[in-house]
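A.B. asks: okay, sequence plus prediction incoming.
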Amino acid sequence: MASPTSASSAMSRLGLSRPMALMLFTVFLDLLGIGLIFPIGPFYASAFGASAFDVGLLFTMFSVAQFLTIPILGALSDRYGRRPVLLIGIAGEVVGYIVFGVATSLTMLYLSRLIAGASSGNIGAAQAYIADISTPRERTHSFGLLGAAVSVGFLFGPALGGFLGAYDLRLPAYAAAVLVAINWITVFVWLPEALSVELRSTRPLTAGLNPFGVLAGLLRRPLLRAPLTATFLCNFAFSGYLTSFALFTSARFGWGPQQVAIVLIIQSIMSIAIQTLGVRYLSTLLPDTSILVLGIGANLLGFLVIAFAPDPLILYIVSAPLQATGSALWRPSLSSLITKLVSGNEQGLANGGSQASSALATIIGPMGAGVLFEQVGTTAPFLAGAGLFALAALTIALAVRIQSGLRRSRIDVAPAIRSR
């Protein structure tokens, strides 16, 4: 059993404070719970007579509910603190998983996903918490660790959900409820508040009720325009990849679920390593914008490799490393960059807006990729995705050239912004 001293030493090597470690544990448990439902959702819905469209709608409703609540919960966290919003969101997720487990109809399944999706909108508050407790120079590394916690949760969640679902399709939902309940207790007992009273926002809450209005308001700020546009474009392309990869490999190489799973596992493990160690090193050498463009470039190349791969082995040894490197770099650098472009009492608003942009792309992206795959060709989603990544890189490169604030992304530029 590890001693407190050895645990503290490990935290120190990773650059973790106690609140940061607790926040990462909170996010890990949260995503582990979400991942538990992924492999059994379609089969559970089918037991109630769901069609393929109904199954798709089940997952879409989660994303739609999340999109609608992310800005609201982010604005609430700016006004009342991060901790209350996290506790309310986690409690809502527990309710959503219980409803999923006891469901007796497809309507109850839809209700459960709406509750869980709306509650998981507290991810904006979680990101704002990370921004609150880390200095600008630490922030890219901190968001890399947050991404690693998300990746670990998604790596083990579906595996555990599939194992439990083999015994009873309701078990993963109950297990998720228990894990998230433990998460709530952890936050309630040990997680301190990160936003001091003097930094809390006094903006009217009605300003955060419309996610489109929040995004429009943030896009009116010149320094945020390029990062938020890149957030949408990158997530649109990457969500299309996740939707189309299995279909493409089945049509091109005759792959089944096992081969696809192996590639995704390789990708996840590499992504965790890069987010934990690589991002920390790069963030001491390069500004967020440079790390961001490197990541986008890696994903662009990865998409082209998939589209033109002559042999399936290429997907294991070239595509998977490129995809892992790309998403491991652009996700934390984008999140870090956005937090440095707003003041301390707007972190929830800005992170909520960023996550809303991501959620909107995740809703639309899979549908766009599906249409391209069916109507244009099997490689079309990846060629289009490469084009979107190229557009995102061009957007950031041009913005950096024009706007000096983005070139100084390794320091806190919020005071300069407030003076403009």
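C.D. replies: Noted; the coordinates are in hand.
A.B. asks: separation between His313 and Asn351?
C.D. replies: One thing to correct before we go on: residue 313 is Leu, not His. 40 Å (CB to CB, to the nearest Å). Yep, even glycine has a C-beta here, placed from its N, CA and C like the rest.
A.B. asks: so for these two, which sits in the more crowded spot?
C.D. replies: With neighbours defined as other CB atoms under 10 Å, Leu313 and Asn351 compare such that Asn351 has more, 28 against 10.
A.B. asks: surely the more buried one and Ile338 touch.
C.D. replies: Yes. Between Asn351 and Ile338 there is a contact under CB atoms under 8 Å: 7.1 Å.
A.B. asks: what are the buried residues along whichever strand or helix holds Ser354?
C.D. replies: Here Ser354 sits within helix 347-375, counting by DSSP states H and E. Residues of helix 347-375 classed as buried: 347-366, 368-370, 372-373 (neighbour count, 16 or more other CB atoms under 10 Å).
A.B. asks: which strands and helices sit next to that helix?
C.D. replies: helix 52-80, helix 123-133, helix 211-219, helix 222-253, helix 320-340, helix 380-402 (3 or more CB pairs under 8 Å, 6 or more residues apart in numbering; DSSP states H and E).
A.B. asks: helix 222-253 and the first one, what's the angle between them?
C.D. replies: Which is helix 52-80. 160 degrees (axes from the mean of the first three to the mean of the last three CA atoms, to 10 degrees).
A.B. asks: buried stuff in the helix or strand just after helix 52-80?
C.D. replies: Scanning forward in sequence from helix 52-80 by DSSP H and E, the next helix or strand is helix 82-102. For helix 82-102, a neighbour-count test (16+ other CB under 10 Å) marks 82-83, 85-94, 96-101 as buried.
A.B. asks: which strands or helices does helix 82-102 pack on?
C.D. replies: So helix 82-102, by 3+ CB pairs under 8 Å, 6+ apart, packs with helix 18-37, helix 52-80, helix 106-119, helix 123-133, helix 171-190.
A.B. asks: Thr202: which of those is closest?
C.D. replies: helix 52-80 (7.6 Å; CB to CB).
A.B. asks: please compute how far the closest one lies from its chain's middle.
C.D. replies: The chain centroid and the centroid of helix 52-80 are separated by 13 Å under CA atoms, centre = their mean, to the nearest Å.
A.B. asks: please name every helix or strand in contact with it.
C.D. replies: helix 41-46, helix 82-102, helix 106-119, helix 123-133, helix 211-219, helix 347-375.
A.B. asks: would you turn the ones you listed into a markdown table with distance to Leu68 and mean pLDDT?
C.D. replies: Shown next, in a markdown table, are the helices and strands packed on helix 52-80 (distance: least, CB to CB, whole Å; pLDDT from 0 to 100):
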| stretch | distance to Leu68 | mean pLDDT |
| --- | --- | --- |
| helix 41-46 | 20 | 80 |
| helix 82-102 | 13 | 94 |
| helix 106-119 | 7 | 92 |
| helix 123-133 | 12 | 87 |
| helix 211-219 | 6 | 84 |
| helix 347-375 | 8 | 87 |
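A.B. asks: re earlier: for Val263, which of the helices and strands packed on helix 347-375 is the nearest?
C.D. replies: Using CB to CB, the nearest of those to Val263 is helix 320-340, at 5.2 Å.
A.B. asks: got the CA positions of the closest one in CSV?
C.D. replies: C-alpha atoms of helix 320-340 as CSV (Å, rounded to 0.1, in the frame of the first residue of the first chain):
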residue,chain,number,x,y,z
ALA,A,320,-3.2,5.7,-34.6
PRO,A,321,0.0,7.5,-33.4
LEU,A,322,-0.9,10.6,-35.5
GLN,A,323,-4.5,10.7,-34.2
ALA,A,324,-3.3,10.2,-30.6
THR,A,325,-0.7,13.0,-30.9
GLY,A,326,-3.1,15.4,-32.7
SER,A,327,-6.0,15.2,-30.2
ALA,A,328,-3.6,15.1,-27.2
LEU,A,329,-2.1,18.4,-28.3
TRP,A,330,-4.9,20.5,-29.7
ARG,A,331,-7.4,19.8,-27.0
PRO,A,332,-5.5,21.0,-23.9
SER,A,333,-3.8,23.9,-25.8
LEU,A,334,-7.2,25.2,-27.1
SER,A,335,-8.7,25.0,-23.6
SER,A,336,-5.7,26.7,-22.0
LEU,A,337,-5.6,29.4,-24.6
ILE,A,338,-9.2,30.3,-24.1
THR,A,339,-8.8,30.6,-20.3
LYS,A,340,-5.9,33.0,-20.8
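A.B. asks: quick one: list the elements packing against that helix.
C.D. replies: On the basis of 3+ CB pairs under 8 Å, 6+ apart, helix 320-340 makes packing contacts with helix 123-133, helix 136-165, helix 222-253, helix 257-273, helix 279-283, helix 288-308, helix 347-375.
A.B. asks: list the contacts of Thr140.
C.D. replies: Residues near Thr140 by CB atoms under 8 Å, 6 or more residues apart in numbering: 279, 282-283, 288, 291, 332-333, 336.
A.B. asks: what's the separation between the residue nearest to Ala181 when sequence neighbours are not counted and Phe100?
C.D. replies: Leaving aside its sequence neighbours, Ala181 sits nearest to Val94 (CB to CB, 6 or more residues apart in numbering; 5.2 Å). In this view, Val94 and Phe100 are 11 Å apart by CB to CB.
A.B. asks: what do you get for Arg82?
C.D. replies: Taking CB to CB, one finds Arg82 at 27 Å from Phe100.
A.B. asks: list the buried residues of stretch 192-204.
C.D. replies: For stretch 192-204, by 16+ other CB under 10 Å, it's 194-195, 201.
A.B. asks: so where's the chain shaky on pLDDT?
C.D. replies: 1-15, 52, 205-209, 405, 407-420 (pLDDT under 70).
A.B. asks: show me how it divides into domains.
C.D. replies: 15-197, 206-420 (automatic domain parsing).
A.B. asks: centre of the chain to the first one, how far?
C.D. replies: The one in question is domain 15-197. That offset, for domain 15-197, works out to 11 Å (CA atoms, centre = their mean).
A.B. asks: likewise for stretch 380-387?
C.D. replies: 21 Å.
A.B. asks: and for stretch 363-374?
C.D. replies: For stretch 363-374, the distance to the chain centre is 19 Å (CA atoms, centre = their mean).
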